[in-house]
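[1] After the sequence you'll find the predicted model.
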Amino acid sequence: MNSFRLILFATIASFTLMLSGCGDGGEAEVRQWMAQTKSQTRTHVPKVEPPKTFEPFAYRQQDSVAPFDPVKLDVAFAKLRARSKSGIKPDLKRRREPLEQVPLDTIKMVGSLHQQEKSYAVLQVDKMVYRAKVGNYLGQNFGKITEINEDAVHIREIVQDASGEWTERKAKLELQEITK
């Protein structure tokens, strides 16, 4: 008897749900409101103004230097370099060292060595380990090692500023832990 009541209750509930789905759910009311709003709304499209007339400009100075010519900038920078009094410039004719191929920020100092009264820095690039001494070059900005301590490597870099003049910049690699 209990299962009969359960089946009867489920059947009545399902018929009730089906009948509730048959109503319009207020759809007719929404359609009527949309039709009324559409009939009352007036569209206004502003008139498009005619385009401005184009007046071509004739460049009459073909024989003079163009204002955006790279040669003009080269001449200006050459004049600035000629006036430069710093005398700082890298030795471009010397043979490059292996650590000059990698950026300075990818080189890590992982240790230091002292042999026969000379100090060496142990430097790591990716998984390769190098030994460097004072006077070695590293980094892509003509960096030269000037001093090696137990906890840091001091470097003097030579970089070009916006006007093309060479200037010195100091950098330092500090001792870091080895990462595996």
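    In hand now; what should we look at? No experiment lies behind these values; they were computed from the predicted model shown.
[2] tell me the mean pLDDT over the longest helix along the chain?
    The helix that spans the most residues within the chain, counting by DSSP state H, is helix 2-20. Helix 2-20 comes out with an average pLDDT of 79.
[3] And for stretch 118-134?
    Per-residue scores along stretch 118-134 average to 92.
[4] Now do the buried residues in it.
    Buried residues in stretch 118-134, counted by 16 or more other C-beta atoms under 10 Å: 119-125, 130, 132. Heads up, the C-betas are built off the backbone N, CA and C, glycines and all.
[5] same question, stretch 107-119
    Those would be 107-110, 112, 119, for stretch 107-119 by 16+ other C-beta under 10 Å.
[6] before we move on, what about stretch 150-166?
    For stretch 150-166, a neighbour-count test (16+ other C-beta under 10 Å) marks 153, 155, 157-158, 165-166 as buried.
[7] Any idea how far apart the tips of that stretch sit?
    Across its full length, stretch 150-166 reaches 30 Å between end residues, using C-alpha to C-alpha, to the nearest Å.
[8] Distance check, the most centrally placed residue in the chain against Pro90.
    In the chain, the centroid-proximal residue (C-alpha atoms, centre = their mean) is Asp105; its distance is 15.9 Å. Going from Asp105 to Pro90 by C-beta to C-beta, to the nearest Å gives 19 Å.
[9] Alright, I will stop here.
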